[in-house]
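S.K.: Test case, fold it:
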Amino acid sequence: MKTIFRFIVTTIGMVLIVMSIAAILFSTQAGAVADAAFERMLGYIYQTDVTIDHVVFLPRQRAMLVQGLTIQNPPPFKAGPAIEMGELLVTVAPTTLLSSQPVVKEVLMKDAEFYIRYEVGRGSNLGKLDENAQRFNTSQPSSTSPVLAKREYVIKSFRSEKAVLDVSANFVPGTSLQLDVAPFSLEELSSSNPVSTMQLGTLFIRSVLREAISVKGLLKPVADKLDDELQRLREGEGRTGSVSEVEQS
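M.R.: Residues are numbered from 1 along each chain as shown. From the prediction side, this is the model:
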């Protein structure tokens with residue numbers, strides 16, 4: 001259960017990238033503009049193709065709904081989805097939007113699916129996404145970097161209505177396995193540990209890998225490879241310590 005909690009808690013890393021475009025969250029700009037901004041942000045951090053079906057602003061609810069989010073496998077993995085989310089609803093405390101640490105009142109995730117693929121000589125597709133986000137997190141910002149990606153947030157509540165893990169590997173036949181994660185709610189997730197979008201993006205990937213390792217019925221060789229992958233990512237995260245501190249909270 002602890003691994004499931006870690007997995008679900010840090011899925012908010014993906015959702016909170018929405019907050020990086022907070023300047024237009026309650027503006028009158030068309031949803032298509034937000035679609036493009038969100039896609040560019042995610043694509044830049046994870047260095048892969050990202051698509052969004054639609055972004056809907058809900059001014060009365062002080063919220064934004066992201067529909068049909070798909071993050072593709074990064075090169076050199078075969079083309080296909082790594083992460084798919086049906087809907088993400090982010091509700092904020094409007095008076096905190098311009099503060100140094102905006103407050104996210106609730107994040108609701110619906111119909112999420114994560115495809116974990118491990119290949120000999122390449123590692124995992126999610127591990128590659130983690131590496132891409134990690135390079136962004138530790139590099140010096142450039143003129144093309146999305147500055148708001150470094151912004152920190154406080155998360156009050158997270159709810160997951162449905163999530164699925166799909167795990168496979170290319171070195172053991174018949175390793176494909178699916179796990180349904182039951183709906184549940186968590187409160188006061190990061191009140192004492194505000195985190196940045198980039199840190200959450202990295203934590204998000206690692207938590208999915210941790211959950212996959214714990215899947216009942218997963219063959220031991222695959223679990224061992226995924227565990228090695230997770231350890232490698234932790235060792236390569238740099239010397240800042242910020243990500244590890246949040247992982248342990």
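S.K.: Do a quick rundown of the helices in the protein.
M.R.: 2-10, 12-15, 31-46, 125-138, 197-213, 220-235, 242-248 (DSSP state H).
S.K.: Tell me the buried residues in stretch 123-138?
M.R.: 123-134, 136-137 (16 or more other C-beta atoms under 10 Å). To be clear about C-beta, it is placed using only N, CA and C from the backbone, and glycine gets the same treatment.
S.K.: for this structure, which strand is longest?
M.R.: The longest strand of the chain (DSSP state E) is strand 103-119.
S.K.: how about it as CSV, C-alpha atoms only?
M.R.: C-alpha atoms of strand 103-119 as CSV (Å, rounded to 0.1, in the frame of the first residue of the first chain):
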residue,chain,number,x,y,z
VAL,A,103,-1.7,26.5,-3.1
VAL,A,104,-3.3,23.7,-5.1
LYS,A,105,-6.6,22.9,-3.3
GLU,A,106,-7.3,19.7,-5.1
VAL,A,107,-6.0,17.6,-8.0
LEU,A,108,-8.3,15.0,-9.5
MET,A,109,-7.0,12.4,-11.9
LYS,A,110,-9.3,10.2,-14.0
ASP,A,111,-8.6,7.3,-16.4
ALA,A,112,-4.8,7.3,-16.2
GLU,A,113,-2.7,4.6,-17.8
PHE,A,114,1.1,4.2,-17.6
TYR,A,115,3.0,1.9,-20.0
ILE,A,116,6.3,0.8,-18.5
ARG,A,117,8.6,-0.9,-21.1
TYR,A,118,12.0,-2.2,-20.2
GLU,A,119,14.5,-3.1,-23.0
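S.K.: Neighbouring strands of that strand in the sheet, and parallel or not?
M.R.: Partner strands and pairing direction for strand 103-119 (DSSP bridges) are strand 81-92 (antiparallel), strand 123-124 (antiparallel), strand 152-155 (parallel), strand 157-160 (parallel), strand 163-169 (parallel).
S.K.: how about the nearest residue to residue 100, chain neighbours excluded?
M.R.: In space, and not counting its chain neighbours, residue 100 is closest to residue 152: 7.1 Å by C-beta to C-beta, 6 or more residues apart in numbering.
S.K.: Near that neighbour, how many other residues are there?
M.R.: 18 (other C-beta atoms under 10 Å).
S.K.: Give me the pLDDT for it.
M.R.: Residue 152 is assigned 74 on the pLDDT scale.
S.K.: Likewise for residue 156?
M.R.: At residue 156, the model reports a pLDDT of 79.
S.K.: And it, how close does it get to residue 206?
M.R.: 23 Å (C-beta to C-beta, to the nearest Å).
S.K.: who has more neighbours, those two?
M.R.: residue 206 (25 against 18).
S.K.: about what we covered before: next, the angle helix 220-235 makes with the longest strand of the chain.
M.R.: 130 degrees (axes from the mean of the first three to the mean of the last three C-alpha atoms, to 10 degrees).
S.K.: tell me the angle strand 103-119 makes with helix 125-138.
M.R.: Using the same axes, to 10 degrees, strand 103-119 lies at 130 degrees relative to helix 125-138.
S.K.: rewinding a little: output the strands paired with strand 103-119 as JSON lines; include the columns distance to residue 42.
M.R.: Below are the strands paired with strand 103-119 laid out as JSON lines (distance: least, C-beta to C-beta, whole Å):
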{"stretch": "strand 81-92", "distance to residue 42": "10"}
{"stretch": "strand 123-124", "distance to residue 42": "19"}
{"stretch": "strand 152-155", "distance to residue 42": "16"}
{"stretch": "strand 157-160", "distance to residue 42": "19"}
{"stretch": "strand 163-169", "distance to residue 42": "18"}
